[in-house]
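Engineer: Any chance you can model this:
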Amino acid sequence: MKVKAKLKNIRISPRKVRLTADIIRNCDIAEAVFRLDNTVKKSNEPVKKILLSAVANAENNFNLDRESLVIRDIQVGEGITLKRWMPRAYGRASSILKRSSHIYITLEGKESAKKAVTKKAKKTEKEEVVKTEGSEPTVEKVAEKKKDILKSNKSHFQVEAKKKESREKGWAKTMFKRKSA
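Structural biologist: Residues are numbered from 1 along each chain as shown. The predicted structure is shown next:
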């Protein structure tokens, strides 16, 4: 299960934030927080904030366990650039670029590590009463109907997957096509 979080327009240069991002890439959460706490960089604070936000998303929205999460991907992109100027000698001016950055983080957790849900799920099958003309009402189970629908949709998804594979294969061939003389 992949969990994503983003933090935009941080007023720190992307070049400096990437140094922090490289420190915690492919670490588990406890190790990443330890590394962020024990290195001295201004960008550690916003990176830690987005990391803990992504962990909270995983725990609340997807019921994933904190110990099973790993930082699969962290990207630092360039945000808006504020252009300012500084007066120089002989009436000239030089430009100052105040850069900002966007941080995108992706955590990955194991499916088997989902927390046990406290609510007990009742496994009673719903039943529908179907009346047909000239006969007694019959009882059909909703679960059986759903299985039939899923079987019919399964073939549709297989066709879609084959089309997608053929598109991917076809693109590579047209990209590197050589003309023979």
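Engineer: Need the nearest residue in space to residue 87, chain neighbours excluded.
Structural biologist: In space, and not counting its chain neighbours, residue 87 is closest to residue 93: 5.8 Å by C-beta to C-beta, 6 or more residues apart in numbering. Yep, even glycine has a C-beta here, placed from its N, CA and C like the rest.
Engineer: show me where the protein has strands.
Structural biologist: If DSSP state E is used as the criterion, the strands of the chain fall at 2-10, 70-87, 93-108, 127-130, 138-141.
Engineer: Could you dump these into TSV with distance to residue 37 and mean pLDDT added?
Structural biologist: Converted to TSV, those look like this (distance: least, C-beta to C-beta, whole Å; pLDDT from 0 to 100):
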stretch	distance to residue 37	mean pLDDT
strand 2-10	18	95
strand 70-87	15	96
strand 93-108	17	97
strand 127-130	57	54
strand 138-141	55	56
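Engineer: Include mean neighbour count and distance to residue 63 when you put these into TSV, please.
Structural biologist: Shown next, in TSV, are those (neighbours: other C-beta atoms under 10 Å; distance: least, C-beta to C-beta, whole Å):
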stretch	mean neighbour count	distance to residue 63
strand 2-10	16	11
strand 70-87	14	17
strand 93-108	16	14
strand 127-130	10	30
strand 138-141	10	28
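Engineer: domains for the protein, by residue range?
Structural biologist: As assigned by automatic domain parsing, the chain contains the domains 2-113, 127-175.
Engineer: Now do the contacts for the residue nearest to residue 87.
Structural biologist: Contacts were defined as C-beta atoms under 8 Å, 6 or more residues apart in numbering; by that measure residue 93 touches 85-87.
Engineer: Where does the prediction get shaky in the protein?
Structural biologist: Applying pLDDT under 70 to the chain flags residues 111-143, 145-146, 150-181.
Engineer: quick one, what contacts residue 88?
Structural biologist: Applying C-beta under 8 Å, 6+ apart, one finds that residue 88 lies in contact with residue 94.
Engineer: For it, grab phi and psi.
Structural biologist: Geometry field for residue 88 lists phi and psi as phi -120, psi -170, criterion degrees, to the nearest 10.
Engineer: Let's have the contacts of residue 93 in JSON lines, adding distance to residue 3.
Structural biologist: What follows is the contacts of residue 93, written out as JSON lines (distance: C-beta to C-beta, whole Å):
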{"residue": "85", "distance to residue 3": "42"}
{"residue": "86", "distance to residue 3": "43"}
{"residue": "87", "distance to residue 3": "48"}
